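Asks: need the 3D shape of this:
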Amino acid sequence: MIKEALQYIVGLGKAEIHGENGQTYSDKKLHLIEEPTATPFTVHTLSGLVSYIKSEFDGDEPVILHVVSPTSVTVKSALNSDQERDYFLKAEALLPTFIFNDWYSTEKFNISLQSCFIQNEDRDVMLKVVGNITEDQVKTVSDDGISQAVVAKVGVASVGNVEVPNPVSLIPYRTFVEVVQPESDFIFRMQSGPSCALYEADGGAWKNEAVDNIKDYLRRSLKEEVEAGRVTIIA
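Replies: Have a look, this model is predicted:
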């Protein structure tokens, strides 16, 4: 036992490198001592990200701006000797909450249309419809699978059939406020309650548009840094 223990202790010493069949081996397991890398802090605007880059607060080495999604952009360094990157900053958009493909009461839907969507013609039409629906409207709803008609107030003291627009082109707040919000189509549906829902109908094409808008904004805002090769933007 003592002999084996001594052999084990001796074996903890310096690793020996051997060559065999054209390959190199070590008689001990080696552990890489990695270079330390930066961890990110978070901002919530693209202008904050641009200010950070221009400040050269962490140096003037080349960085990569990765537009990850319509709501996220990261700032990272080039690869170091361990094939790792410093992760300097992350920009995450702060957006109002609206849940698509879910039902809202007419009151909450009305408020959400005004607080979570930019004003346009279709939004105004929807507000008029939703704001004037009578309580028993869904009992007399007509639905051909594409458009709906509901009983709504059409005057000071009268009610009548009002066609619900479909599809509707709306502009929700879905990306950073510094860039143009993409407009896209939605299916507008109503059911008893009364309640309302919006279903996305563009196959997610708005995401590509939003990413392109972010990339264009960063290119314009960091034109000198991009031309100098200090900033590379990918999306």
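Asks: got a list of what the residue nearest to the spatial centre of the chain touches?
Replies: A centroid search over the chain (CA atoms, centre = their mean) returns Thr71, at 2.9 Å, as the residue closest to the centre. Thr71 makes contacts with 92-93, 95, 174-176, as judged by CB atoms under 8 Å, 6 or more residues apart in numbering. C-beta coordinates here come from the backbone N, C-alpha and C atoms, glycine included.
Asks: and the host helix or strand of Asn110, what does it pack against?
Replies: For Asn110, the host element (DSSP states H and E) is helix 106-116. Helix 106-116 sits against helix 121-131, strand 195-200, with contacts defined as 3 or more CB pairs under 8 Å, 6 or more residues apart in numbering; DSSP states H and E.
Asks: same list, those, but as JSON lines with distance to Ser115, mean neighbour count and mean pLDDT please.
Replies: Formatted as JSON lines, those follow (distance: least, CB to CB, whole Å; neighbours: other CB atoms under 10 Å; pLDDT from 0 to 100):
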{"stretch": "helix 121-131", "distance to Ser115": "11", "mean neighbour count": "16", "mean pLDDT": "87"}
{"stretch": "strand 195-200", "distance to Ser115": "14", "mean neighbour count": "18", "mean pLDDT": "92"}
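Asks: quick one: which of the ones you listed is nearest Gln181?
Replies: Among these, helix 121-131 comes nearest to Gln181, with 12.2 Å by CB to CB.
Asks: separation between Glu183 and Ser81?
Replies: 47 Å (CB to CB, to the nearest Å).
Asks: who has more neighbours, the two?
Replies: Neighbour count, other CB atoms under 10 Å: between Glu183 and Ser81, Glu183 has more, with 15 against 7.
Asks: for the nearest residue to the more buried one once chain neighbours are set aside, what are its contacts?
Replies: Spatial nearest neighbour of Glu183, chain neighbours left out: Ile171 (4.7 Å); criterion: CB to CB, 6 or more residues apart in numbering. Contact analysis of Ile171 by CB under 8 Å, 6+ apart lists 117-118, 120, 123, 181-183.
Asks: turn these into CSV, columns for distance to Ile17.
Replies: Shown next, in CSV, are the contacts of Ile171 (distance: CB to CB, whole Å):
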residue, distance to Ile17
Phe117, 67
Ile118, 66
Asn120, 70
Arg123, 71
Gln181, 60
Pro182, 58
Glu183, 64
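Asks: could I get the full set of helices for this structure?
Replies: Applying DSSP state H to the chain gives helices spanning 2-11, 46-55, 106-116, 121-131, 205-221, 223-227.
Asks: in terms of mean pLDDT, which of those ranks lowest?
Replies: Across the helices of the chain, helix 2-11 has the smallest mean pLDDT, namely a mean of 54.
Asks: could you check the pLDDT of Ile17?
Replies: The score at Ile17 is 73. That number is its pLDDT.
Asks: just Pro172 next, same as before
Replies: On pLDDT, Pro172 comes in at 97.
Asks: which non-adjacent residue is nearest it?
Replies: In this structure, Pro172 finds its nearest non-sequential neighbour in Phe117, 5.2 Å apart by CB to CB, 6+ apart.
Asks: out of the helices of the chain, which gets nearest to Val67?
Replies: helix 205-221 (5.0 Å).
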